[in-house]
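Colleague: give me a 3D structure for the following:
(chains A and B)
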Amino acid sequence: MEVERYPKNPMHPINPGSEDPAVEEIREELLARGSVPTRLTKEETDRRRMENEHVLKQQPHSLGYYSWRRMRRNKLAMAGLVITIVLIVVAVLAPVLAPFDPNLQVLEYSTMPVGFHGNVLLTKSEVNPNLTIPIPIAEYRIQGDRVIYTTEEGFDKSIPVARLAGNSEQEWHKTPTYYLGTDRFGRDVLSRLMFGARVSLTVAFFAEMCSLLIGVLLGSLAGFYRGWVDDGLMWFTNVVWSIPSLLLIIAISIALGLGMWQTIFAIGITEWVDMARIVRGQFFSLRETEYVEATKALGLSNKRTIFRHILPNSLGPIIVIATAGFANAIIYEASLSFLGLGVQPPTSTWGQMIHDGYGFIAAGSNWGLTIFPALAIMIAVFAFNLFGDGLRDAFDPKLKR
Amino acid sequence: MLSFTVRRLFYSLLVIFGVVTVVFFIMNLLPDPARMMQGQRADLATQAAIRHQLGLDLPPWQRYVRFIGDVAQGNLGRSWSSNRPVLTSIWERFGATATLAISAMAIATILGIGIGILTAVRSYTFIDNISMLFALVGISIPAFVMGLLAMLIFGAWLDWLPVSGYMWEGGDLHIEYLILPMLVLALRPVSIIARVTRSSMLETLSSDYVRTAKAKGVSWRSIVYRHALRNALNPVVTTVSAWLAGLLVGTYFIEYIFNWPGIGLQAVDAITRSDFPIIQGTVIFSAVIFVVVNFIVDILYARLDPRVKLV
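Modeller: Predicted coordinates:
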């Protein structure tokens, strides 16, 4: 059954029943060639519509969706993301994953090489029964209720079995492996690296959140209100920009006293300059767009315009700058702890490990103490930069390959 | 042009004024200098005398005015450890820092622009990918880590170059002392300049005037160097000048690690000795140098590039 939707154009060859014989002739000729489209019946139209309903219902995807699709094709960026996730997992699970207590000192095992095997008896601490203290030995034998052991220096000593930690021989005699060797105080380098990742990532994360907040706030104010607000804020931005970042961070952290939160605060209130500039630039260009003009016509409040319309549309550049800022914050944290001004011992940090180890370099020995934390910093920053570069390419359609 | 110069000059002074204010504010948060100088056992009379001498017994706003006045006259106070004027100590050591910074930036500029052009012309080929990956590695290595690695490899293992010391030793020039710190210092700027040059070149190479030049039959060489590069240099100049200013005011870790007697090493030493006047002086001095370099670059820009609007 044919359904009339539009008045028929009698002259068009698709419509049969034209009174003009010339048109009829053309129509027949076209039909013979099979090139006349036939009008669809209502059933057919509805069937096709049902078939493609999911397409019609589809919403256009967000910028994030398309960016993620572009991002997934970028192998390097994905490698960066994977390394970053692994680092975060290691940092969070450090107490579970680390083979040793990062602050456990076994002075006999000072500066041991990579892959060194220890040989220790675990004894209960006299002060705290939950604590076990390892005693390095060369060899041991059980004699009655005492264990007689030879120390590394070759002295024979004995200890009652009751004082050893654990009930069986397997529990109190261990030969632990120090995969990356030990430092000057006989602490396990691998465990310290794992715990150092916690400090690095925590400081970098909170510092970046801090500078993100300051940068976005000042940038939006300057970009939205312009005029004297912009002049004043940009003057302040230029002032902070003119002071060497590292010196400013150092001065602030000395002024506040040394510690983790002071480090976070010092880095955070120094590193917002790029963010403020980018956000301001975004506001300058987005303010001219039609949809922002429409918010004015609709009488929306400035707050709503800023938070619901302009900021979400500047999210791409903000995320990109924040990722780069995160990588920089890791570098600053490491630099501060290298100078002994960051998170204080005994908490292990990568910068501090390098500082403790680099004295050996001139002597040409124990290079692992410098190289491993250095590699950790490099890998972390590199992974973040790879990821950040990938994000930049993904958010910027102009750079599409 | 003149009014532009005057306005920029005034703005630069305003920024320096802001820096001095920020420094005053931070230094006021520090622990009491009189106690820090004398230690915990200093008697109260001595502490009071020191406070009076430093003007710490005045109300904050009076101290602030005094501080601004002192800085304006070039008086940055005296070092707590050597009791010499801070500005004199900084000025004496600035030569060493400037030598290192300028030589590193010269290398970084030449190499960076070269790599940038090469990778832009051969974009998305193997050589481009590998160069950009290396540039990213260069950006990812903190200065002190790179310094230590270079020391370890070229100093301790290969034993090619000396790892510690200044090139003017006893009146003679030992250029080999400069090489390692200079190269390490250049690494990061090389990476960044190469990246900036590349992306800027890619933009100009895809522009209409380059297509027109191709259509006219201009040689490829001429297109790259005379049409694309010249127009692409704008952000590159900004990057180079920002880095030159940045390196002039502080190559703290490189100087510290290679024992290069510049203002950076002096600042790090001052930090370990809690010699706050030196730190404070270095911050102000650095900011002034930074602002001056940027001022000069702004003026040069406005003169050389007709596209720059005089705001």
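
Colleague: in stretch B:241-257, which residues are buried?
Modeller: B:241-257 (16 or more other C-beta atoms under 10 Å in any protein chain shown). The way it works is simple: take the backbone N, C-alpha and C, and place the C-beta from them, glycine included.

Colleague: neighbours of residue 128, how many?
Modeller: Looking at chain A here, since you left the chain open. Using other C-beta atoms under 10 Å in any protein chain shown, A:Asn128 has 9 other residues around it.

Colleague: wait, I meant chain B there
Modeller: 17.

Colleague: ok, now B:His52?
Modeller: Neighbour count for B:His52, taken as other C-beta under 10 Å: 12.

Colleague: could you do A:Ile148 as well?
Modeller: 14.

Colleague: phi first, then psi, for it.
Modeller: phi -100, psi 120 (degrees, to the nearest 10).

Colleague: hang on, isn't it packed against A:Pro160?
Modeller: No: between A:Ile148 and A:Pro160 there is no contact under C-beta atoms under 8 Å: 11.0 Å.

Colleague: helices of chain B, start to end?
Modeller: B:2-29, B:33-38, B:44-54, B:60-72, B:86-121, B:126-140, B:143-150, B:176-205, B:208-216, B:220-222, B:229-248, B:252-257, B:263-272, B:276-304 (DSSP state H).

Colleague: tell me where the model's unsure across the chain.
Modeller: Let's take chain A. Low-confidence segments of chain A, defined by pLDDT under 70: A:1-19, A:34-40, A:56, A:59-60, A:63, A:362, A:364, A:396-401.

Colleague: wait, chain B was what I had in mind.
Modeller: The low-confidence ranges in chain B, as defined by pLDDT under 70, are B:31-42, B:163, B:165, B:167-173, B:250, B:308-311.

Colleague: same thing but at 90, please
Modeller: Flagging of chain B using pLDDT under 90 yields the residue ranges B:1-5, B:7-8, B:23-100, B:118-185, B:187-188, B:195-196, B:198-283, B:286-287, B:289-290, B:293-311.

Colleague: residue of it nearest chain A, please.
Modeller: B:Gly18 (3.5 Å; C-beta to the nearest C-beta).

Colleague: which parts of the stretch 201-350 of chain A sit against chain B?
Modeller: Residues of the stretch 201-350 of chain A lying close to chain B (C-beta under 8 Å from any C-beta of the partner chain) are A:235-236, A:238-240, A:242-244, A:246-248, A:250-252, A:254-256, A:327, A:331, A:334-335, A:338-341.

Colleague: 10 Å instead, please
Modeller: Within the stretch 201-350 of chain A, the positions lying close to chain B (C-beta under 10 Å from any C-beta of the partner chain) are A:231, A:234-248, A:250-252, A:254-257, A:324, A:327-328, A:330-335, A:338-341, A:350.

Colleague: in helices, which of these fall?
Modeller: Going by DSSP H, the helices hold A:231, A:234-242, A:245-248, A:250-252, A:254-256, A:324, A:327-328, A:330-335, A:338, A:350 from those.

Colleague: which stretches of chain A form strands?
Modeller: A:116-117, A:120-124, A:132-136, A:139-143, A:146-150, A:156-160, A:173-174, A:177-178 (DSSP state E).

Colleague: partner strands of the first one and their direction?
Modeller: To tie it back to what came earlier, the one meant is strand A:116-117. strand A:177-178 (antiparallel) (DSSP bridges).

Colleague: which residues sit against the partner strand?
Modeller: A:99-100, A:106, A:109, A:112-118, A:186-191 (C-beta atoms under 10 Å, 6 or more residues apart in numbering or on different chains).

Colleague: PyMOL command to pick out the buried ones of these?
Modeller: For the buried members of the contacts of strand A:177-178, the matching PyMOL selection, counting by 16+ other C-beta under 10 Å, is:
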select buried, chain A and resi 100+106+109+112+116+118+186+187+188+189+190+191
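
Colleague: find the centremost residue of chain A, please.
Modeller: A:Thr84 (5.5 Å; C-alpha atoms, centre = their mean).

Colleague: contact partners for that one?
Modeller: Per C-beta under 10 Å, 6+ apart, neighbours of A:Thr84: A:201, A:323, A:326, A:379-380, A:383-384, A:386-387.

Colleague: out of those, which are inside helices?
Modeller: Short answer: the contacts of A:Thr84 in helices (DSSP H) are A:201, A:323, A:326, A:379-380, A:383-384, A:386-387.

Colleague: just the buried ones from those residues?
Modeller: For those, buried by 16+ other C-beta under 10 Å: A:201, A:323, A:326, A:380, A:383-384, A:386-387.

Colleague: looking at the stretch 1-150 of chain A, which residue is nearest chain B?
Modeller: Counting by C-beta to the nearest C-beta, the stretch 1-150 of chain A gets nearest chain B through A:Leu76, at 7.4 Å.

Colleague: count of neighbours near that residue?
Modeller: 16.

Colleague: please identify which of the contacts of A:Thr84 is nearest to chain B.
Modeller: Nearest member of these to chain B, counting by C-beta to the nearest C-beta, is A:Leu386, at 6.5 Å.

Colleague: quick check: the residue nearest to the closest one when sequence neighbours are not counted vs A:Asn385, distance?
Modeller: In space, A:Leu386 comes closest to A:Gly80 once its chain neighbours are excluded; the distance is 3.0 Å by C-beta to C-beta, 6 or more residues apart in numbering or on different chains. Noted for A:Gly80: a distance of 7 Å to A:Asn385, by C-beta to C-beta, to the nearest Å.
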